[in-house]
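> build me a model:
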Amino acid sequence: MSTLFRAQRIKLFSYAIDKQVAANSQKQKRSLPFYFGT
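As a prediction, the model looks like this:
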C-alpha cells in the first residue's frame, strides 16, 4: 500500500518537474533574442 502511494507521489513529482522544466525552457526561448539583442 505505502509502496504504491510512494510510486504515485514520485510520478506526480516527476510530472511537476517536467512541467516546470518545460515552462523554464519556454521562458528561455522567449528571452534568448533579448539576450542576443543587447
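> neighbours of K11, how many?
By other C-beta atoms under 10 Å, the residues close to K11 number 10. All C-beta spots, glycine's among them, are computed from the backbone N, C-alpha and C.
> also K27?
With other C-beta under 10 Å as criterion, K27 counts 10.
> and it, how far from L4?
35 Å (C-beta to C-beta, to the nearest Å).
> now swap in I10 and tell me
11 Å.
> ok, Q28 next?
Q28 is 36 Å from L4, where distance means C-beta to C-beta.
> same check on V21?
Taking C-beta to C-beta, one finds V21 at 26 Å from L4.
> now the helices for this protein?
Using DSSP state H, the helices found in the chain span residues 2-37.
> low-confidence ranges in it?
The chain contains residues with pLDDT under 70 at 1, 30-38.
> ok, 90 please
Applying pLDDT under 90 to the chain flags the ranges 1-2, 4, 17-18, 20-38.
> next, count neighbours for S25.
When counting by other C-beta under 10 Å, one arrives at 10 neighbours for S25.
> from K19, how far off is it?
Applying C-beta to C-beta, the value for S25 to K19 is 11 Å.
> one more: K27?
13 Å.
> do the same with F5
Distance from F5 to K19, by C-beta to C-beta: 21 Å.
> next one: A7
A7 is 19 Å from K19, by C-beta to C-beta.
> do the same with I10
Taken as C-beta to C-beta, the span from I10 to K19 is 15 Å.
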